[in-house]
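A.B. asks: Here is my input, please return the structure:
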Amino acid sequence: MSAGIFFNGLPSTVLIGESQLFQVCHTATEPDLGTEVEVIITLSKPSQHNDLKVKVFNPLTQLFEPITFNQNGVAFFGPFPLENICNQVQAIFEKLGTYTVTLQMIRVSDGMELARTMGTVNAVPSPKEIKNLERRLRRCVKRRKKNQGN
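C.D. replies: Residues are numbered from 1 along each chain as shown. Next comes the predicted model:
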């Protein structure tokens with residue numbers, strides 16, 4: 001293949017609700033350099049489509065622009081001319097769980113897959129969230145004991 005796609009700096013574990021910055025990099029040589037491509041982003045668990053918020057930095061507008069997953073856990077980025085570049089990505093994992101994402105680089109002219117990669121991230125509660133959950137659990141236990149004593 002004369003094209004590639006990979007994650008750069010994607011953490012394997014993140015705290016729920018915290019913004020994560022990493023890169024998605026594209027590589028190309030002739031004949032694919034400059035070819036119009038689109039990236040298909042697929043979640044292995046479609047039910048997570050509302051739990052992962054993704055934005056990609058647009059160098060033209062100098063803004064992070066949202067990527068939206070559909071009900072099937074699929075989102076699209078592009079089309080754009082393929083070049084050797086890394087795009088800045090911002091992601092927020094909003095719920096506990098393991099998120100596995102597949103990126104497929106597709107040539108627009110004929111739908112051929114030029115490259116594919118996969119990344120997995122585990123979203124875990126922050127220490128603050130754990131303390132809040134422990135506090136709530138202690139209150140529930142205390143109320144239950146009180147109610148059982150009456």
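A.B. asks: Low-confidence stretches in the protein?
C.D. replies: 1, 150 (pLDDT under 70).
A.B. asks: For it, which segments count as strands?
C.D. replies: For the chain, the strands defined by DSSP state E cover 3-8, 13-15, 19-28, 36-43, 52-58, 63-67, 74-81, 85-93, 97-107, 113-124.
A.B. asks: so who does Gln88 touch?
C.D. replies: 21, 23, 56-57, 64 (CB atoms under 8 Å, 6 or more residues apart in numbering). Placement of C-beta: from N, CA and C, glycine included.
A.B. asks: Check these and tell me the two furthest apart.
C.D. replies: The most widely separated members of the contacts of Gln88, counting by CB to CB, are Gln23 and Phe64 (13.0 Å).
A.B. asks: could the strands of the chain go into CSV alongside distance to Arg135?
C.D. replies: Shown next, in CSV, are the strands of the chain (distance: least, CB to CB, whole Å):
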stretch, distance to Arg135
strand 3-8, 36
strand 13-15, 18
strand 19-28, 25
strand 36-43, 32
strand 52-58, 27
strand 63-67, 34
strand 74-81, 37
strand 85-93, 23
strand 97-107, 23
strand 113-124, 18
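A.B. asks: Out of those, which gets nearest to Leu137?
C.D. replies: Ranking these by their distance to Leu137 (criterion: CB to CB) puts strand 113-124 first, at 17.5 Å.
A.B. asks: So which elements touch that closest one?
C.D. replies: Secondary-structure packing of strand 113-124 (3 or more CB pairs under 8 Å, 6 or more residues apart in numbering; DSSP states H and E): strand 3-8, strand 13-15, strand 97-107.
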